[in-house]
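J.: A predicted structure for the sequence below; I have some questions about it.
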Amino acid sequence: REVLEFIQREVWHEFNGYWFFCNGKPTYLPGHMYVYLNYWRGDEGYLEYRDRDRKWFLFEEYMERLNNFLGMNTPKPRRCGDTTKASCVNYMRTIKRRNVNCGLQSATLSHAEEVFEKHIVAPWTELPFWLKPLYDGTSNPKEKLSFVPPAKQSRTNRHTGKKGSLLVRDRGLGSKMLFRSSAEKAFDTFKMWSYHGDEVGKTTESDIYKRYYIIRPSMVTGSKINGNVIHTSTVEEQTKAGGENFSKLCKDSMFEQQYVNPSGRTTSWLANLFLPADEGLAEFVGKYGESIKDTPTSSQVEYMRQAYPTKSNDDLLIGATEYLLRERRSLEMSKNYVGLNDEKRKYPLFYRECWVRADSDNGMPLHTIEPRISDLSLLFASQGDIVRVGRFVRVSQRDPDSDVMWVDDRNGPFEVSYLFPDEGMANKRIKSVKGWTPSGTDFGIAGADDFSAKKTEGSRMSDGGGAVFMYKTPDDDQEKDVATWEGHRFICLYKHR
């Protein structure tokens, strides 16, 4: 009875999470993390509590509970264990449902096979029996985990004393986990419940941007979302197909898009999770799993001295942030800008650093230009000549003739450097038989080049473009030099595919 009660309690925590005191602070562990810490085996044995991992699992649980999102992208630093965490989640989703398919893809078929064997099969073999549904096949599967009991000969006929010739199976769970090549249509015909795309930022054998939009319909019935997706990857050079395609998918997955999209979700139905490299950096973790990002306390120094005996005295006195910045300063002083940008991609401290390019691409000092472009693109000013990025949206989504308003959106197709200071000056128009026309023509002029969905050159698609040129503002003095005017310039640009 005690054993049965223990199993029931463990299963309850797997579904409902676990509360405990961490250094005197009430702390919640999501259900999947409870399994991850207690029963899932990593590369070097059973896993330890890390606050960074808890943030990852909290976000994963949050996305799973949202009814209008399909999952998450995690552009990440190197060696932070996200592949192991995603594999654990994928497995737990598999054994919680009957008759579902759960898939895995990676940069190559051989790498997918390695992830399957190392991060799924190896931990699975050591799980307790209540986490291992009956399965078909050997104890070391090479291609898939199929939770269908093995076939067996039918029972002996009690009247004749002979065994039946028919093979029968117990019902079992009926679910399975399998991996495929990185091909875009590898899972095209599957109805998926859970999917893990590993190293999507390094995949060059296929277009992971297209691949995701092929997979997505297999996890949706009408408007109902039936599955969950996790994309994990460090990011290689963005000029290479993998990094560029992953960047496009992440741009479609900015969480704030849900507030401007009529659907109430992002374009991709995914959301991005970025945890900087100084969170949970190896040998910069305290006794209670906390990330030591800043100067460590005396108790943290003493703990690290015992836990990491090979760590130098200099490194014991600094936090993870300073350690990473010191490496960058060394590369910058030696003018190794290619190595500097590579270091930023491998250990990014800011989201934008996941996508920095190599200076060797075009000879330009991108180590200086890229951060400045990123800073300006994130700066949403409300005045002056500073460019704002966003979109124009209808005040009423149901009325196609309603007024429009400006919404800041870093991924929007519009760039503007001027908005009417008085809202009463906007949306002035006249309706005629031919449609709407501006009520005045003295403000400026607009032009547009529409786009076609047909291919133009190779696999490239044409863009739609537009621009607005402002003649002058009401405050511009025609008696003065045009160069002194606030107007007489382009104030709006549009580019979208």
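T.: Arrived safely. From a predicted model like this one, the values you see are computed outputs, not experimental measurements.

J.: from here on, contacts and neighbour counts on C-alpha atoms
T.: Fine.

J.: need the nearest residue in space to Trp193, chain neighbours excluded.
T.: Of all residues not flanking Trp193 in the chain, Gly227 sits nearest, at 4.2 Å (CA to CA, 6 or more residues apart in numbering).

J.: distance of that neighbour relative to Trp269?
T.: Going from Gly227 to Trp269 by CA to CA, to the nearest Å gives 12 Å.

J.: and the spatially most central residue of the chain, bridged to which residues?
T.: Compute the mean C-alpha point of the chain, and by CA atoms, centre = their mean the closest residue is Asn73, 1.3 Å away. With DSSP bridges applied, Asn73 shows beta-bridge pairing to His231, Asn272.

J.: can you check Phe469 too?
T.: Going by DSSP bridges, Phe469 forms beta bridges with Ile445, Phe490.

J.: would you check how far apart it and Thr441 are?
T.: 12 Å.

J.: for those two, indicate the residue with more neighbours.
T.: Shown here are Phe469 and Thr441; by other CA atoms under 10 Å, Phe469 has more neighbours (17 against 9).

J.: how much space between Arg9 and Glu2?
T.: According to CA to CA, Arg9 and Glu2 sit 11 Å apart.

J.: what about these two, which has more around it?
T.: Neighbour totals were compared for Arg9 and Glu2, and Arg9 leads with 11 against 7 (other CA under 10 Å).

J.: low-confidence bits of the stretch 201-350 of the chain, can you list those?
T.: Under the criterion pLDDT under 70, the flagged ranges of the stretch 201-350 of the chain are 236-241, 260.

J.: that older thread, do you know how far the residue nearest to Trp193 is from Ser432?
T.: On the measure of CA to CA, Gly227 and Ser432 end up 49 Å apart.

J.: between the two, which one's more packed in?
T.: Gly227 (23 against 8).

J.: backbone dihedrals for the more buried one, please?
T.: When quoted as degrees, to the nearest 10, the phi and psi of Gly227 stand at phi -140, psi -170.

J.: ranges for the helices of the stretch 201-350 of the chain?
T.: 208-215, 241-251, 298-307, 313-316, 320-333, 337-346 (DSSP state H, counting those that start in this stretch).

J.: just checking, the residue nearest to the centre of the chain touches Leu273?
T.: Yes. Under the criterion of CA atoms under 8 Å, Asn73 makes contact with Leu273 at 6.1 Å.

J.: the residue nearest to the centre of the chain: what's it in contact with?
T.: 230-232, 250, 253, 270-273 (CA atoms under 8 Å, 6 or more residues apart in numbering).

J.: residues making contact with stretch 256-267?
T.: 68-69, 252-255, 393, 397, 407, 409.

J.: meant to ask about stretch 305-322
T.: Contacts of stretch 305-322 (CA under 8 Å, 6+ apart): 278-279, 281, 283-284, 292-296, 301, 304, 323.

J.: can you name the residues in contact with stretch 50-61?
T.: Contacts for stretch 50-61 (CA under 8 Å, 6+ apart): 29-30, 32-33, 71-72, 273, 275, 279-280, 285, 288-291.

J.: pLDDT (mean, whole number) over that stretch?
T.: Average pLDDT, stretch 50-61: 96.

J.: would you pull up how far that stretch lies from the middle of the chain?
T.: 14 Å (CA atoms, centre = their mean, to the nearest Å).

J.: which parts of that stretch are buried?
T.: 50-54, 56-61 (16 or more other CA atoms under 10 Å).

J.: go through the residues you listed and say which is closest to Ser182.
T.: Glu60 (23.5 Å; CA to CA).

J.: any idea how far Tyr288 is from that closest one?
T.: Per CA to CA, Glu60 is found 22 Å from Tyr288.

J.: before we move on, what about Ala483?
T.: From Ala483 to Tyr288 the distance is 62 Å (CA to CA).

J.: neighbour count: those two, which is higher?
T.: Tyr288 (13 against 9).

J.: which single one of the contacts of stretch 50-61 is nearest to Lys142?
T.: Using CA to CA, these come closest to Lys142 at His32, 24.7 Å.

J.: would you agree the closest one is in contact with Met92?
T.: Yes. If you go by CA under 8 Å, His32 and Met92 touch, sitting 7.2 Å apart.

J.: out of the two, which sits in the busier spot?
T.: Per other CA under 10 Å, whichever of His32 and Met92 has more neighbours is His32, with 27 against 19.

J.: which SS class is the more buried one?
T.: Classification of His32 by DSSP: H, G, I helix; E, B strand; the rest coil places it in helix.

J.: gap between it and Trp130?
T.: Taking CA to CA, one finds His32 at 15 Å from Trp130.

J.: now do Lys191
T.: 26 Å.

J.: between the two, who's got more neighbours?
T.: Lys191 (20 against 11).

J.: ok, how many other residues are close to the nearest residue to the more buried one once chain neighbours are set aside?
T.: Distances taken as CA to CA, 6+ apart put Ser218 closest to Lys191, at 4.8 Å, once the chain neighbours are dropped. For Ser218, the count of nearby residues is 18 (other CA under 10 Å).

J.: surely Ser218 and Ala186 touch.
T.: No. Ser218 is beyond contact range of Ala186, at 11.9 Å (criterion: CA under 8 Å).

J.: ramachandran coordinates for Phe392?
T.: Per degrees, to the nearest 10, the backbone of Phe392 is at phi -100, psi 130.
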